[in-house]
Structure formats: C-alpha cells, structure tokens
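Q: need coordinates for the following:
(one chain, ligands or ions: 1)
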Amino acid sequence: MQLFTTVQEAKDIHLSLTSKTVGFIPTMGSLHDGHLALIKEAQKVCEVVIVSIFVNPTQFGPTEDFDSYPRTIDSDLKQLETLAVDYVFTPTTTTIYPTTSMKTSISIPDISKLYCGASRPAFFDGICAVVLRLFNIIKPTHAFFGEKDYQQYKIIQHMAADLFLDIHIQAVPIIRQENGLALSSRNAYLSEQEQIEATCIYTALNQAVQLYKKGETNTSTLTKAIRNFIEANSNIVIDYCAGIDHESLLEKETLMPEDRLLIAGYLNKTRLIDNMRLM
Ligand code: AMP
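A: Down below sits the predicted model:
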C-alpha cells in the first residue's frame, strides 16, 4: 500500500497506471465496515483501488462538528493495509484548497436544497467542491459511494453526467449493525443507550416497507407511520422524512418499488440519516 499526499504524486501515479481501471473511494476517515464494503466492491470491479481520507471543511456549517469529527488515521491505515488497498491519498486542506484558489464552486440547483440540503445549506456545494477536485486529482475510471448517503450519491451522479466526467459512479448498499443501526462515523458520538435508541429509525423504516409490501403505496401514510413510531419510541427530533422518486429525488404521492424512504433526525446533538428502498 502506497501513501501519497500531493497533487504531483497523484500525477506520477496516474501516469504509471495507464489503461488500468482505477476505482476511487473518497472518505472522511474514521473507517468502519460501511467504508470497507465500498473498497471491497471497488476491488471486485477495478484493477487498482485508491482511497482518500480527508475531512473536508467546506461541507461543514459554522456551528457543525468539523473540529470534533472523529479522526482515527492510524487505525484507518491499518484497516486499509489489511484490505491490501493499492494507494491512500491523505491530502492537507491547502492541497485541496490552495490559498491561491478562487474557490471555484459547483452548485446543483434544486436537489441540493432539499432534505439534508435544507438544514445544511452549504453541505452539497461543499461535497461537490471536494469530490470534483478529488476526481480531477485522482482521475479514476470508477468511483464508489454508499447508498447510506443516497442524496449525496445521486447528486454526484448528476454532477458527473452534467459535466461529462468520464467516471462510472457506482452505489453500494448500506451496511448496518446487527441491530439495524446504519454504520456511520458519527455513531462514535452516541452513548450505548443512544445507540439502542437510534435503532428506532431502522425499525420504523422497516415497518413502513412492510406496510408497502402489504399494498400501502401512499407516501404521506408511510411517512406518518415512520414519524409516529419514532416519536413514540425515542427522543429523536426528526429533521425530515420523505418518500422520494429514486432518480429525480423529488417527493411523490405514490411510491414505486425502487423508490426510497429517506429520513434524518437528531438524537441529542448527533445527526442521524438513513433510508430504505421499498422493495
Ligand atoms: P464518509 O466518510 O462519511 O464521507 O463516507 C464515505 C463513503 O462511505 C460515502 O460514500 C458514504 O455513503 C459511505 N458510507 C458511509 N457509511 C456507510 C454505510 N453504513 N454503508 C455503506 N456506505 C457507507
């Protein structure tokens, strides 16, 4: 496994990989089995796998958890070594955003302002800012994103299509704990009791999917059932709960099997997000 930190090193590596398929997994570190699933999928599909670890400041709001975001670089590198990842890119902030940069930004209207974008106004512009820069530095043929962040995955897919990026954007299913809680680096903020409470989200999504399978296709009925369950069984404060078209991300009245239920909420100070495909 080779570590690199500069754009020049990335260029040299790119030149040495001519005509190979290169799978790229951008992460903010604090790696868990969700990240590792993306890497394993990339290893199945691509000849070379590159992982980046970079806690991107531009996607955090001024009152959010950039400073306290878990940073576990030593254990991350051990896990990547065990998986025999080929390259790990750990840039500094000034490598990604040089002081001379005009801070060129990419903004995808409408869908960036929905759901997570409604309560985190700069979030998706920050995601696009970092992912496009990383794509241009790494020049992968494939990039892998978790369905855990479904809106993020679709926004990246739209950005890649709109800007004619020649990169195949591939989604990987959500990895959960045995009790259903979706793995997330932010779960490190949760106490043992809160981790149990947080599983309410999974239970509520699952119950709504069961209702759907029994014939209930109305979004508002399904999202009400989710809200009611979570409000009755936890202290989670729901930010949004929506039934969305899996392609456009727009809410719709009647859901199709491939559509999704999305949810986000706060358990005390920790933001939790999750989603589930209907069938
Ligand atoms: P992050 O480090 O949180 O920026 O996440 C890096 C990538 O890992 C993103 O594409 C996430 O969607 C993905 N990811 C995070 N948690 C999970 C999970 N539980 N299952 C699958 N993918 C995940």
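
Q: mind jotting down where the strands sit in the chain?
A: Here the chain has its strands, by DSSP state E, at 2-4, 22-27, 48-53, 87-89, 142-146, 168-172, 237-244, 260-267, 270-277.

Q: close to the ligand, is the third one?
A: No - applying Cβ under 6 Å from any ligand atom, one finds that strand 48-53 is not in contact with the ligand, the shortest distance being 8.3 Å. Where C-beta positions appear, they are placed from N, C-alpha and C, glycine not excepted.

Q: buried sites along stretch 107-126?
A: 108, 111-112, 114-117, 120, 122-126 (16 or more other Cβ atoms under 10 Å).

Q: measure L250 to D110 for me?
A: Counting by Cβ to Cβ, to the nearest Å, the separation of L250 from D110 is 9 Å.

Q: OK, contacts around S185?
A: Counting by Cβ atoms under 8 Å, 6 or more residues apart in numbering, S185 makes contact with M28, G29, S30, L31, H32, Y69, P70.

Q: recalculate using a threshold of 7 Å.
A: S185 sits next to M28, S30, H32, P70 when contact means Cβ atoms under 7 Å, 6 or more residues apart in numbering.

Q: pull the contacting residues for the second one.
A: It refers to S30. P70, R71, T72, S185, A188 are the contacts of S30 under Cβ under 7 Å, 6+ apart.

Q: and the pLDDT for the spatially closest residue to the first one that is not a sequence neighbour?
A: Looking back up the chat, that one is P70. In space, and not counting its chain neighbours, P70 is closest to S30: 4.1 Å by Cβ to Cβ, 6 or more residues apart in numbering. You'll see S30 listed with a pLDDT of 98.

Q: number of nearby residues for the closest residue to T219 other than its chain neighbours?
A: Leaving aside its chain neighbours, T219 sits nearest to G243 (3.3 Å; criterion: Cβ to Cβ, 6+ apart). Residues lying near G243 (other Cβ atoms under 10 Å) number 24.

Q: and for S105?
A: 12.

Q: so it is in contact with A129, correct?
A: Yes - with contact defined as Cβ atoms under 7 Å, S105 counts as touching A129 (5.6 Å).

Q: shouldn't S119 be in contact with D239?
A: Yes - counting by Cβ under 7 Å, S119 does reach D239; the two are 5.3 Å apart.

Q: could you check how far the residue nearest to P70 is from L114?
A: In terms of Cβ to Cβ, S30 sits 27 Å off from L114.

Q: again with Q170
A: 23 Å.

Q: on that earlier part again, make JSON lines out of the buried residues of stretch 107-126 and add pLDDT.
A: As requested, these are arranged in JSON lines below (pLDDT from 0 to 100):
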{"residue": "I108", "pLDDT": "95"}
{"residue": "I111", "pLDDT": "95"}
{"residue": "S112", "pLDDT": "97"}
{"residue": "L114", "pLDDT": "98"}
{"residue": "Y115", "pLDDT": "98"}
{"residue": "C116", "pLDDT": "98"}
{"residue": "G117", "pLDDT": "98"}
{"residue": "R120", "pLDDT": "96"}
{"residue": "A122", "pLDDT": "94"}
{"residue": "F123", "pLDDT": "98"}
{"residue": "F124", "pLDDT": "98"}
{"residue": "D125", "pLDDT": "97"}
{"residue": "G126", "pLDDT": "97"}
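
Q: from these, which land in helices?
A: C116, G117, F123, F124, D125, G126 (DSSP state H).

Q: list the contacts of the fifth one.
A: Right, D125. For D125, counting by Cβ under 7 Å, 6+ apart, the contacting residues are S105, S107, S112.

Q: out of those, which comes closest to the ligand?
A: S112 (16.3 Å; Cβ to the nearest ligand atom).

Q: shouldn't that closest one be in contact with A122?
A: No - with contact defined as Cβ under 7 Å, S112 does not count as touching A122 (9.8 Å).

Q: what comes up buried for the helix ranked longest in the chain?
A: The residue-count maximum for a helix in the chain (DSSP H) belongs to helix 192-213. Neighbour-count burial for helix 192-213, counted by 16+ other Cβ under 10 Å, picks out 194, 197-205, 208-209, 211-212.

Q: can you tell me how far A204 is from the ligand?
A: A204 is 17 Å from the ligand, where distance means Cβ to the nearest ligand atom, to the nearest Å.

Q: and that residue, how far from F229?
A: 4 Å.
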